[in-house]
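Novice: quick one, what's the 3D model for this:
(one chain, ligands or ions: 2)
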Amino acid sequence: MKITILGSGAIGGLAGAYMTKTGHDVLLVDRWAEHVAALNEKGLFIDGVRGEMTVPVKAATPDQLEGSLGAVLIATKSQHAVEALKQVIPLLNADSCVVSFQNGFNEPDMIAALNEAGLPGDRIVMGSIPNYGGALVDPGYVEFVHEGPIQLGELNGEMTPRLQELGEALSALTEVQYSSHIWGQIWAKEVYASQVVFSALADAKIRDTLGVERYARIAGAVVKEALEIADANGIDVQAFDFFDPMNYRVKTAGDTQKLLANINHAIWLLKKDQDTKPAHSFKKKGSGIWWDIVYRKRPSETRSSSGKLIDFGKKTGADTRLNEKLFSMIYEIEDGKRELGFHNFDELEAYTASIGKTLP
Ligand SMILES: NC(=O)C1=CN([C@@H]2O[C@H](COP(=O)(O)OP(=O)(O)OC[C@H]3O[C@@H](n4cnc5c(N)ncnc54)[C@H](OP(=O)(O)O)[C@@H]3O)[C@@H](O)[C@H]2O)C=CC1
Ligand SMILES: CC(C)(CO)C(=O)C(=O)O
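Specialist: Ligands and ions are numbered 1, 2, ... in the order given. Got it, this is the predicted structure:
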């Protein structure tokens, strides 16, 4: 199966390297010209949870694309998903397969862009959520930060030959979980993402933010509200390895303990592979949101992914105040109007109490 990956950073780069290594015909595409040059000259260097290796890969910039692309995986940040897709629309046809291989509610916008070009978007687009983690450190260098499965599914829930074929190719990297409810899976990652965004209010390790009960309680309240936004939209939010929505439907103090246990379990899952690698000093200490703000010094994908959660909430009249406050604090940090730091947690804690959303 020929596979073209648009956006070959942490997520796209790792998938592309492992699939290439097992003999698949993969082209890694990225708009960062130095990264593409390094990939072609030296291959992709990977370190982190599985040790070090260099994988020779084929890479190109988007303007070099021509001919048939095979299955297209879009692994940019969500704010770049549609523009990445639009670049390749002239090379697609009604039988093409395009996978949103990233976080965020990207599929409806991708379908709309394809429909606008006269292509059957709902047939072409497939959904996915990668749950392994990494960081694009330098051109040609990705740190593999934690293990995790990939969820993959047709938007109509069917098991199709192309889904199976792509799943088999991706299993060169990690476990592929076929989902008949991929939209509920995508929502689950976005609901959970509210606590990921929360942890980026300070330049600190996840264990020092979500790992502290006082802060985990605020994060839990934010995720609880996000889940209520999903409920208001009639979404069947699915569980995944870091997150079980059942644990966030809090009514009693006992329920809060279950929620805190879920957060601790997520931290354990994200960190367990790193704990066995004391020789490697991990560069990525927080989430992808933290990585963009602190390490790459640029806006994260919060506006384009979590921002849409607020739009979904407003459309259905759900209460979005806590998530809106949190995201506005991140936007202020990105716009240089607010400092990163633990004072942000104090402010959000006070706001949570002021609107009566402190967990019991
Ligand atoms: N990293 C992680 O641990 C995890 C990430 N995810 C999700 O996966 C997605 C990808 O994240 P990640 O791999 O970290 O992102 P990275 O920033 O590491 O990589 C994305 C790459 O795509 C490039 N790009 C942007 N627009 C285009 C375009 N139009 N054509 C070609 N290349 C383009 C970017 O270039 P430029 O820098 O110029 O924008 C960048 O090099 C995100 O949605 C993220 O939330 C999910 C689970 C874990
Ligand atoms: C799962 C998690 C939090 C960790 O890699 C992620 O999706 C990210 O870093 O953006």
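Novice: center of the chain - which residue?
Specialist: Geometric centre of the chain, nearest residue: N103, 3.2 Å, by C-alpha atoms, centre = their mean.
Novice: ligand 1 contacts on this protein?
Specialist: 6-7, 9-12, 29-32, 62, 75-78, 80, 83-84, 87, 102-104, 130, 133-134, 136, 145, 288, 301 (C-beta under 6 Å from any ligand atom). Placement of C-beta: from N, CA and C, glycine included.
Novice: please flag which of those sit within strands.
Specialist: Counted as lying in strands by DSSP state E, out of the residues of the chain next to ligand 1, are 6, 29, 130, 133-134, 136, 145.
Novice: kindly reformat these as TSV containing neighbour count.
Specialist: Converted to TSV, those look like this (neighbours: other C-beta atoms under 10 Å):
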residue	neighbour count
L6	27
V29	29
P130	25
G133	23
G134	24
L136	25
V145	25
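Novice: which of the residues of the chain next to ligand 1 are buried?
Specialist: 6-7, 9-12, 29-31, 75-78, 80, 84, 102-104, 130, 133-134, 136, 145, 288, 301 (16 or more other C-beta atoms under 10 Å).
Novice: now do the strands in this structure.
Specialist: 2-6, 25-29, 44-48, 53-55, 58-60, 71-74, 98-101, 125-130, 133-138, 141-146, 150-154, 176-178.
Novice: contacts for the first one?
Specialist: Think strand 2-6. Applying C-beta atoms under 8 Å, 6 or more residues apart in numbering, the contact partners of strand 2-6 are 12, 15-16, 19, 24-29, 62, 65, 68-76, 84-85, 87-88, 101, 166, 169.
Novice: give me the sheet partners of it and which way each runs.
Specialist: strand 25-29 (parallel), strand 71-74 (parallel) (DSSP bridges).
Novice: give me whichever of the ones you listed is most buried.
Specialist: Ranked by mean neighbour count, these are led by strand 71-74 with a mean of 26 (mean count of other C-beta atoms under 10 Å).
Novice: so how far is that strand from its chain's centroid?
Specialist: 16 Å (C-alpha atoms, centre = their mean, to the nearest Å).
Novice: please begin residue numbering at 845 from this point
Specialist: New numbering, starting at 845: the last item is strand 915-918.
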